[in-house]
Structures are given as C-alpha cells and as structure tokens.
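Engineer: The following block contains a protein sequence and its predicted model.
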Amino acid sequence: MNEITKNEPLTIAAVQMSSQQDIEANLADIRAAIREASKQGAQLVVLPENCCSMGRQFATAERFNELSDAMAEYARAFGIYLLAGSLPCPYRPDGVIVPDGRLRQVSQLFAPDGKRVARYDKIHLFTATVADKQGSYNEAATFEPGTQTVVTTLEANDAVYQLVCFDLRFPALAQRLRQAGAELISAPSAFTYLTGQAHWSLLLRARALDSQCMVIGAAQGGEHIYKNGDSRQTWGHSTITAYNGTIINSYEDSALKNPTNKEQKHYALVLATLDKADQAQGRQKMPIFDCHRLA
C-alpha cells in the first residue's frame, strides 16, 4: 500500500486509454495500468471517462454494480485510491431508476480498503456540433444530468473534487469547488479529436488558474471502433496541471503507440506529485478568493 501521509507530497497517476467495446479487455488494461502506477508510487490513480467501454452505454449500464465492484477490488488489491473515470448507471444516488429510459454518467472514488467514498454524477452534458464524421453530439438524449457537486477528503486532508469532461467548460463550477475546500480536481474525459485539439490543454490550465487547484486530466485517446463499423476519434493528451496553470506532465499524443499490438501496452501513465506546501504558498501570494467581489 502506498500510504498517504499528512503534509507529505501526494503522487497521482492519470491513465490514458483507448477503450474499445470489449469490456473484459478494458478491465485487463485498467488493472495493468493500476498495477504499474502503484509500482511507480502512485497513491491516487485517475481513469478516463468511459473507461470500461466507449459506446454501448446501456449494455454497460446493466453491469454497473459488477463493474463498480471490480474497481473497488482493484483499489483494495493495490492499496490505492482509485477514481474510476465514469460508468453509465441506470439509477440515481438515492437508488431511484433514472426516468425516460436514460442513465446517469457516474464518476466514483474508491479508497484503499475498497470502500466507495464518493459518487459524482456528471452535471454538464456534452452538447455540440463538431466538424467530424459524427457531426452532432447530444449526451442529454442518453443521460440525465446530475445535480450535486461532490467533495471527498483523503487521509492526508487533501480534498478531491470531481468533474467529468464537458464540466471543464464551466469556470464557475471549478471556483465553487475551490470555495468548498478543493485541493485537487479530477477531470476524466473523452474529448473529441477536434475539440480536444482546440481546447483541451487550454481548459485544463484555465480551470487550474480559476480554482488554484491541481487539475488531473485523464483522457481517452485514439480511434474507438464500434461493433456496427462506425468509429470515433478522441484527443488523448492526458495532462496534470498545477494550481498556477503550468503543465507538470503530459502524454504528448492522441493515440497510444501501436494499440492493436498484443505485446504493446494499451494505456499510458502520466504521473505528478502534488506539492501541498507550494500550492498553499502560491494561494497566499495571489489570494484571488479573498479579492473576489461579485456574487
């Protein structure tokens, strides 16, 4: 177990994946990524959005409890905090089935003992027209938006707040999270290739500056081939950004190297350390939340 100690640096790993529609293969990649991240000293591992399957949302949602249990077991087996990107879920946090045949897009945080300590339901659903072959995206046709922000305190009093993908475009949300005590903001994502190319790095840096928090962008990257023959490209470039907007570490590519080669890793790791003292000092030097005047 990579124990978290108060006032000691926290090591974080963002996992980049190229998840396909084979859930079992994706689970194998997730476990391998967590194992390697743990060996490299990671205490918190963040998976991307749709980590268990790109597409097939309803079929994946039928396995929500089973897949969540698998994530809990990975956290326990490797003694790490695991932020399980996002999974489609057929019910709300109170157990009520989502009406209108829709789902919730759920990000979960599991502790080193396997206990789920947080569930965040994605608030902002991706709605856009993009100049790619899919053209139009409307997550609201499949998902119901969440309604609550979520905070979780780790053993070292590091407060982790969760965003998912499109949430990154809303600075007020990041500012609200900081005001509630955030030190880290996780942002598991699956940006389209074109929107990611244009905005991904900029949005991560902007939200870090807005909140003065480390922002962890774990991303899907590459081509995702669906069973009907269609495909989608995501931007990748998983990145961890410091509170002052500087990029600490990133994976400088969209696709993983030779992802169809069975001997090649189907994931990439981006590691960084949260220097809590430096972040606190930076906030003191520029106390933007003390200066804020507008409601």
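Structural biologist: Arrived safely, thanks for sending.
Engineer: Flag the shaky bits of the stretch 51-200 of the chain, pLDDT-wise.
Structural biologist: Counting by pLDDT under 70, the stretch 51-200 of the chain contains low-confidence ranges at 129-136, 156-160, 165-166.
Engineer: again, only using 90
Structural biologist: For the stretch 51-200 of the chain, the stretches flagged by pLDDT under 90 are 55, 124-141, 147-182, 192.
Engineer: Do me a favour and get the end-to-end distance for stretch 230-240?
Structural biologist: 31 Å (CA to CA, to the nearest Å).
Engineer: One more: stretch 162-175?
Structural biologist: 13 Å.
Engineer: what comes up buried for that stretch?
Structural biologist: Buried positions in stretch 162-175, judged by neighbour count with 16 or more other CB atoms under 10 Å: 162-170, 173-175. In short, each C-beta sits where N, CA and C put it, glycine included.
Engineer: per-residue confidence averaged over the strand or helix carrying Asp290?
Structural biologist: Element membership for Asp290, per DSSP states H and E: helix 288-291. Mean pLDDT, helix 288-291: 73.
Engineer: Give me the contact list for it.
Structural biologist: With contacts defined as CB atoms under 8 Å, 6 or more residues apart in numbering, helix 288-291 is touched by 178-179, 212.
Engineer: Please report which of the residues you listed has the highest neighbour count.
Structural biologist: Highest neighbour count within the contacts of helix 288-291: Gln212, with 23 neighbours (other CB atoms under 10 Å).
Engineer: doesn't Leu271 fall inside a helix?
Structural biologist: No: looking at Leu271 with DSSP: H, G, I helix; E, B strand; the rest coil, it is strand, so not inside a helix.
Engineer: Which residue is the nearest non-sequential neighbour of it?
Structural biologist: Nearest residue to Leu271 in three dimensions, chain neighbours excluded: Ala13, at 5.0 Å (CB to CB, 6 or more residues apart in numbering).
Engineer: wait, doesn't the one you found sit right on Arg35?
Structural biologist: No: with contact defined as CB atoms under 8 Å, Ala13 does not count as touching Arg35 (11.0 Å).
Engineer: Could you check which of the two is surrounded by more residues?
Structural biologist: Higher neighbour count among Ala13 and Arg35: Ala13, with 27 against 15, using other CB under 10 Å.
Engineer: contacting residues for that one?
Structural biologist: With CB under 8 Å, 6+ apart, Ala13 has these contacts: 33, 37, 40, 42, 44-46, 269-271.
Engineer: Please identify the helix or strand for it.
Structural biologist: Ala13 belongs to strand 10-17 when assigned by DSSP H and E.
Engineer: for the residue minimising distance to the centre of the chain, what are its contacts?
Structural biologist: Taking CA atoms, centre = their mean, the centroid of the chain lies closest to Pro188, which sits 1.8 Å from it. Taking CB under 8 Å, 6+ apart, we find Pro188 in contact with 46-49, 51, 83, 85-86, 107, 164-165, 218-219.
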